[in-house]
Structure formats: structure tokens, C-alpha cells
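S.K.: next come a sequence and a model predicted from it.
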Amino acid sequence: MALKLTLKPSEKFVINGAVVQNSDRRTTLVIQNRASLLREKDIMLPEDATTPMRRIYFAIMMLYLDDGAIKQHQDSFLELMSSFMNAISNAEAVAQCVHVIQQVHEKQYYKALVGCRKLFPFEEERLNYVAS
């Protein structure tokens, strides 16, 4: 099944590790085969991975984009996720973490990234509570 991608002017995206930038006009691309693709809004820079869940997100993103260092990224993901899950007791958050782990295990990395983003508000609420 093809993926239809509509890009804003100058929007960047990564496809199979290559950073591509749209020209000055809105463009629609159709990706005909399977590819690792992330839009600019889904890309996290290393310096933005500042919280435990954001570091997990970054590790999954690297699994998705950098299959040359898959073992390193898997180890990082497992260590970070294990630490995060050991620090929380909220049943819904734990269930979401388990779901993310299953998606990573099935190599459904984009879906795992979406699952991580669902945990950002949970984490932010806890970090703000601790900082208060």
C-alpha cells in the first residue's frame, strides 16, 4: 500500500536515513514501497532528548533510522525502558510502555514512536510535580 505524503514548503523529512527538504511549494509525494520515513515534526535531535521518555523516543527513532547500529540502539532502548518502568507505578502508563515494547519487538518503530509521544504528558506532569 502506497503512502501519500503532503509536504509544506521547505519542510524536511528523513527517508531511509537521507534528509530531504521540500522546495518552496507545497508538494505531494507517493512512496510506493516500504521505507523508513519521518517528518520533521517527528524527528528529535539528541540535545532534545532531555527526559527519560524523550531518551526512549530517541532510541526508538534511531532503531527506525539507523539499522547499522541496531544492537547498540536495542540495548539503549531496553535499558532506558526498564529504568523508566521501574520508576513508575501508574497502571495505564505501565500498560502503554508494554505496548511500546511489543511494537519495538515487532519492528513497528513508527507506531512505537507514537506510543512514546502518548507518554510525554504523563512524564511532564510527574516532572513538574517533583520540581514544585
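M.R.: Perfect, I can see it now. Numbers count the residues shown, from 1 in each chain.
S.K.: so what's Thr27 closest to, chain neighbours aside?
M.R.: Counting by CB to CB, 6 or more residues apart in numbering, Thr27 lies nearest to Leu7, which is 4.8 Å off, once chain neighbours are set aside. Heads up, the C-betas are built off the backbone N, CA and C, glycines and all.
S.K.: I'd say the one you found and Ser23 touch.
M.R.: No: in terms of CB atoms under 8 Å, Leu7 does not count as a neighbour of Ser23; the distance is 9.0 Å.
S.K.: quick one: which of these two has more around it?
M.R.: Leu7 (19 against 10; other CB atoms under 10 Å).
S.K.: report the contact partners of the more buried one.
M.R.: Phe13, Asn22, Arg26, Thr27, Thr28, Leu29 (CB atoms under 8 Å, 6 or more residues apart in numbering).
S.K.: which pair in the residues you listed spans the largest distance?
M.R.: Phe13 and Arg26 (13.7 Å; CB to CB).
S.K.: quick one: which of these two has more around it?
M.R.: Phe13 (19 against 11).
S.K.: partner residues bridging that one?
M.R.: Beta-bridge pairing for Phe13 (DSSP bridges): Val20, Arg39.
S.K.: so Thr50 lies in a helix, does it not?
M.R.: No: using DSSP: H, G, I helix; E, B strand; the rest coil, the secondary structure at Thr50 is coil, not a helix.
S.K.: and it, what's its pLDDT?
M.R.: At Thr50, the pLDDT value in this model is 91.
S.K.: that one and Asp66: what is the separation?
M.R.: 20 Å (CB to CB, to the nearest Å).
S.K.: and the chain, what are its domain boundaries?
M.R.: 3-42, 46-131 (automatic domain parsing).
S.K.: just those: most buried one?
M.R.: For the domains of the chain, the largest average neighbour count (mean count of other CB atoms under 10 Å) is found in domain 46-131, namely a mean of 16.
S.K.: gap between that one and the chain center?
M.R.: 8 Å (CA atoms, centre = their mean, to the nearest Å).
S.K.: where's Tyr64, which helix or strand?
M.R.: Secondary structure from DSSP states H and E places Tyr64 in helix 52-65.
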